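**Student:** below are the sequence and a predicted model; questions follow.
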Amino acid sequence: MTASSYFLVAAFLALVTSQAIASDPSPLQDFCVADMHSPVKVNGFVCKDPLAVSADDFFKAANLDKPRDTMKSKVGSNVTLINVMQIAGLNTLGISLARIDYAPMGENPPHTHPRATEILTVLEGTLYVGFVTSNPNKLFAKVLNKGDVFVFPKGLIHFQFNPIHDKPAVAIAALSSQNPGVITIANAVFGSKPPISDDVLAKAFQVQKGTIDWLQAQFWENNHY
Ligand SMILES: *[C@@H]1O[C@H](CO)[C@@H](O)[C@H](O)[C@H]1NC(C)=O
């Protein structure tokens with residue numbers, strides 16, 4: 001090999017081995033507090049002047065110890081997400097947090113986070129939880145009690161259901177993105193605006209178009225904010 005091809009191989013190896021395994025791009029400085037007012041568009045948010053950063057950029061009085069209202073939700077759950085929109089200091093750090101309240105028999109319906117793995121612990125009550133792998137679609141499910149922990153791998157469809165008819169449940173989840181994103185399956189498929197053609201969905205779900213039209217006429221409310 002010539003000297004220049006050694007250099008190319010070395011440069012290639014340096015690139016390959018320097019790929020970070022973190023979910024969001026790894027920070028190149030201590031912090032990059034989001035400047036939500038900058039007109040510049042980048043992947044994530046532009047950094048606020050570090051000299052203008054204060055402890056409050058890393059803080060939110062989120063009252064995560066307080067129960068949320070689950071009675072207004074049709075699915076019987078309420079997700080309180082603390083991401084970069086709530087704490088600007090999370091920008092570039094690849095992490096966020098959620099409190100999830102479940103009514104008796106309530107659920108956080110099948111959904112995916114396109115940008116995050118999730119780790120969840122049950123603070124109160126019982127949850128039947130699971131995720132489904134990409135093809136072939138195998139279900140990994142488990143009943144969790146208070147103190148138990150479960151992991152939902154990045155991008156996979158998952159759910160949590162409170163099977164107890166007279167007790168609420170509460171969970172705390174951490175997610176490996178400053179902005180995990182959420183796609184609630186039923187809402188995305190049947191509640192998109194404008195709607196997906198019922199020809200497309202009738203074929204996909206192997207049902208009559210009337211069944212699709214009925215589903216599309218329902219109100220697909222989001223439990224994630
Ligand atoms: C979630 O809980 C908060 C606080 O209790 C409440 O203001 C909000 O309306 C609830 N959302 C739903 C969809 O019930």
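**Tutor:** Happy to help now that I have it. Numbering: from 1, shown residues only.
**Student:** residue contacts, Gly181?
**Tutor:** Contacts for Gly181 (CB atoms under 8 Å, 6 or more residues apart in numbering) come out as His113, Pro114, Arg115, Ala116. Heads up, the C-betas are built off the backbone N, CA and C, glycines and all.
**Student:** and the gap between Asn43 and His224?
**Tutor:** 22 Å (CB to CB, to the nearest Å).
**Student:** between the two, which one's more packed in?
**Tutor:** Taking neighbours as other CB atoms under 10 Å, Asn43 and His224 compare with His224 leading, 20 against 7.
**Student:** wait, that one touches Thr184, no?
**Tutor:** Yes. Assessed by CB atoms under 8 Å, His224 is found in contact with Thr184 at 7.0 Å.
**Student:** now the common contact residues for those two.
**Tutor:** With CB under 8 Å, 6+ apart, His224 and Thr184 have common neighbours His111.
**Student:** count the neighbours of Leu51 for me.
**Tutor:** 5.
**Student:** cool, Ile183 as well?
**Tutor:** If you count neighbours by other CB under 10 Å, Ile183 ends up with 15.
**Student:** what's the closest non-adjacent residue to it?
**Tutor:** Distance criterion CB to CB, 6 or more residues apart in numbering; nearest residue to Ile183, sequence neighbours excluded, is Thr112 at 5.2 Å.
**Student:** for the one you found, what are its contacts?
**Tutor:** Contacts were defined as CB under 8 Å, 6+ apart; by that measure Thr112 touches Gly155, Leu156, Ile157, His158, Val182, Ile183, Ile185.
**Student:** go again with 6 Å.
**Tutor:** Gly155, Ile157, Ile183 (CB atoms under 6 Å, 6 or more residues apart in numbering).
**Student:** so which of these belong to strands?
**Tutor:** Ile157, Ile183 (DSSP state E).
**Student:** could I get the contacts of Thr112 as JSON lines with pLDDT and distance to Leu28?
**Tutor:** JSON lines is the format used below for those (pLDDT from 0 to 100; distance: CB to CB, whole Å):
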{"residue": "Gly155", "pLDDT": "97", "distance to Leu28": "25"}
{"residue": "Ile157", "pLDDT": "98", "distance to Leu28": "33"}
{"residue": "Ile183", "pLDDT": "96", "distance to Leu28": "30"}
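**Student:** tell me the SS of Asp56?
**Tutor:** On the three-state scheme (DSSP: H, G, I helix; E, B strand; the rest coil), Asp56 is labelled helix.
**Student:** what about stretch 207-220, distance to the chain center?
**Tutor:** 26 Å (CA atoms, centre = their mean, to the nearest Å).
**Student:** okay, domains of the chain per the record?
**Tutor:** Using automatic domain parsing, the domain parsing of the chain gives 11-181, 182-225.
**Student:** the first one near the ligand at all?
**Tutor:** Yes. Contact between domain 11-181 and the ligand is present through Arg68, Asp69, Lys72, Ser73, Asn78 (criterion: CB under 6 Å from any ligand atom).
**Student:** of these, select the buried ones using a PyMOL command.
**Tutor:** To isolate the buried members of the residues of domain 11-181 next to the ligand in PyMOL, using 16 or more other CB atoms under 10 Å:
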select buried, resi 68+73+78
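**Student:** I'd like the residues of domain 11-181 next to the ligand as CSV, with distance to Pro163 and secondary structure appended.
**Tutor:** Listed next are the residues of domain 11-181 next to the ligand as CSV, based on distance: CB to CB, whole Å; DSSP: H, G, I helix; E, B strand; the rest coil:
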residue, distance to Pro163, secondary structure
Arg68, 20, coil
Asp69, 21, coil
Lys72, 21, coil
Ser73, 17, coil
Asn78, 18, strand
